[in-house]
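[1] build the 3D model from these lines:
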Amino acid sequence: MPLPGTAPTLPPLGWRYARRADGQEVESRVLELPRVTFAGYTLTRVQADVETPGTATLLPTLILGNDFLRRFDLVLDYRNGLLHARPNASLHAPYNRASRLSRATLLAIGGITAAGAVLAALVWRRRRGRPRRIDRA
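    Residues are numbered from 1 along each chain as shown. Sure thing, here's the model as predicted:
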């Protein structure tokens, strides 16, 4: 049970990787929010990305993002400072899949696999160069 005045801790579903507009890579934890109300519509089991703090910010950022916003037709009214939103056919579509492995784990697996491939190639090359011994009975 969370302390009074604090948000409950949600278990992460996995990880997502993207790039910002400036090309910087972003690693995000994916959480499932029990309920979100947006434009008068309540959606359940909404996935949100929590960006890992980086050089641009020192605090984690909760982002609903395109995977959430694609469920609505949006019109930005700059003159009046309004956002008009209406649900579309994607309202109840499944969310994009989150990776169960972090980037560090993926890189470690890739590195171990590459090292194994190099080692196997070196062993194969060394054995190929040796003459084979034939045992005669």
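[2] please make it C-alpha for all contacts and neighbour counts, starting now.
    Noted.
[3] now for the helix or strand harbouring R29, which elements pack on it?
    Taking DSSP states H and E as the criterion, the element that holds R29 is strand 25-38. Under the contact definition 3 or more Cα pairs under 8 Å, 6 or more residues apart in numbering; DSSP states H and E, strand 25-38 sits against strand 12-19, strand 41-51.
[4] identify the bridge partners of the residue most central in space within the chain.
    Nearest residue to the geometric centre of the chain (Cα atoms, centre = their mean): R16, 0.5 Å. Listed beta-bridge partners, R16: S28 (assigned using DSSP bridges).
[5] with P87 instead?
    F72.
[6] got a list of what it touches?
    P87 makes contact with R71, F72, D73, according to Cα atoms under 8 Å, 6 or more residues apart in numbering.
[7] off-centre distance for the host helix or strand of R128?
    If you go by DSSP H and E, R128 is part of helix 103-129. Its chain's C-alpha centre and that of helix 103-129 lie 27 Å apart, by Cα atoms, centre = their mean, to the nearest Å.
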